[in-house]
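J.: would you be able to build a 3D model of this:
(one chain, ligands or ions: 1)
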Amino acid sequence: MTPLLDVRGLEKRYGARIGCTDVSFDLWPGEVMGIVGESGSGKSTLLSCLAGDLAPDRGEVIFDTRDRGPVDTVTMSEPERRMLGRTDWAFVHQTPRDGLRMGVSAGGNVGERLMAVGARHYGEIRTQALDWLGRVEIAADRIDDRPRDFSGGMQQRLQIARNLVTGPRLVFMDEPTGGLDVSVQARLLDLLRGLVREMGLSAIVVTHDLAVVRLLADRLMVMQGGRVVEAGLTDQVLDDPQHGYTQLLVSSVLQV
Ligand SMILES: Nc1ncnc2c1ncn2[C@@H]1O[C@H](COP(=O)(O)OP(=O)(O)OP(=O)(O)O)[C@@H](O)[C@H]1O
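T.: Sure, this is the predicted structure:
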């Protein structure tokens, strides 16, 4: 089997400062990889490099494309990368307004993604949009409302529907439950876990919240100072952390 994503020796510097360095890992189809670490450890930099939003200084990000097989997304052309962003990849941002069009109706936000991959039949687009609003627990009668009239939790659920409606093969998530009330976070996490399992999604989830990776991620990478200091199966890493920094992360959560 070919990994969906094969990352080798990835490095990004900001002048002399290290964003991330020496990052290598495989992601297999249907697998969820969690990336954890404190603020400034390089999680966002790594995610941006993987998703093609930031050009790394060194390394390869090889994605198993549908038509051409494994291709390095770092060196592929910009139009090709944009096409991946519209089709096989999805990005769930921490802040819903970064991933939604706030002035467009909820149904439009979902339907627009379908149109971007070629859907043309209005009735079918609306039916699929309705189906997805239901799947993320947004009432059908809110389909014509704009996301700015939604609560934070609803906006995040709409962003998830917009991202998943086209059946992406790889989903990048940046703190998907960050910035929400604890009770809202738990419900959203439950919903996300259900969708990930049901759709057999491959995903990379960046978070500083170990509860999020515990629930969502099969494997985990722990970052400190831009480097991966520990990696392994989520339960193994969290239950028996080997690196001092991971032990600190885990114990600081237990004390809360
Ligand atoms: N645009 C930038 N210019 C200069 N340095 C940057 C820039 N973005 C990030 N850095 C630096 O790169 C390092 C990694 O930052 P990054 O934002 O990737 O960490 P993070 O783990 O995602 O943090 P957070 O959880 O706070 O988002 C930090 O030292 C940070 O100061």
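J.: tabulate the CA atom coordinates of the worst-scoring helix or strand of the chain on mean pLDDT in PDB.
T.: Taking mean pLDDT, DSSP states H and E as the measure, the helix or strand of the chain with the lowest value is helix 244-255, at a mean of 82. Extracted as PDB, the C-alpha positions of helix 244-255 are listed here (Å, rounded to 0.1, in the frame of the first residue of the first chain):
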ATOM      1  CA  GLY A 244      10.400  14.500  29.300                       C
ATOM      2  CA  TYR A 245       8.500  17.200  27.400                       C
ATOM      3  CA  THR A 246       5.600  14.800  26.600                       C
ATOM      4  CA  GLN A 247       5.500  13.700  30.300                       C
ATOM      5  CA  LEU A 248       5.200  17.300  31.200                       C
ATOM      6  CA  LEU A 249       2.400  17.900  28.700                       C
ATOM      7  CA  VAL A 250       0.500  14.900  29.900                       C
ATOM      8  CA  SER A 251       1.000  15.600  33.600                       C
ATOM      9  CA  SER A 252       0.000  19.200  33.300                       C
ATOM     10  CA  VAL A 253      -3.300  18.000  31.800                       C
ATOM     11  CA  LEU A 254      -3.900  15.500  34.600                       C
ATOM     12  CA  GLN A 255      -3.500  18.300  37.200                       C
END
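J.: other SSEs contacting that helix?
T.: With contacts taken as 3 or more C-beta pairs under 8 Å, 6 or more residues apart in numbering; DSSP states H and E, helix 244-255 sits against helix 210-216, strand 219-224, strand 227-233. Bear in mind the C-beta positions are built from the backbone N, C-alpha and C, glycine included.
J.: how about that helix and the ligand, touching?
T.: No - Helix 244-255 stays clear of the ligand (C-beta under 6 Å from any ligand atom), getting no nearer than 12.4 Å.
J.: what residues sit buried inside that helix?
T.: Buried residues in helix 244-255, counting neighbours by 16 or more other C-beta atoms under 10 Å, are found at Tyr245, Thr246, Leu249, Val250.
J.: CSV for the helices and strands packed on helix 244-255, including mean pLDDT, mean neighbour count and distance to Trp89?
T.: Output for the helices and strands packed on helix 244-255, formatted as CSV (pLDDT from 0 to 100; neighbours: other C-beta atoms under 10 Å; distance: least, C-beta to C-beta, whole Å):
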stretch, mean pLDDT, mean neighbour count, distance to Trp89
helix 210-216, 92, 20, 18
strand 219-224, 97, 23, 19
strand 227-233, 98, 17, 22
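J.: now these as JSON lines including distance to Thr21?
T.: Output for these, formatted as JSON lines (distance: least, C-beta to C-beta, whole Å):
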{"stretch": "helix 210-216", "distance to Thr21": "22"}
{"stretch": "strand 219-224", "distance to Thr21": "10"}
{"stretch": "strand 227-233", "distance to Thr21": "6"}
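J.: the ligand: which of these is closest?
T.: Taking C-beta to the nearest ligand atom as the measure, the helices and strands packed on helix 244-255 were each checked against the ligand, and strand 219-224 came out nearest at 6.6 Å.
J.: how far away from the center of its chain is that closest one?
T.: The gap between the average C-alpha position of strand 219-224 and the chain average comes to 15 Å, counting by C-alpha atoms, centre = their mean, to the nearest Å.
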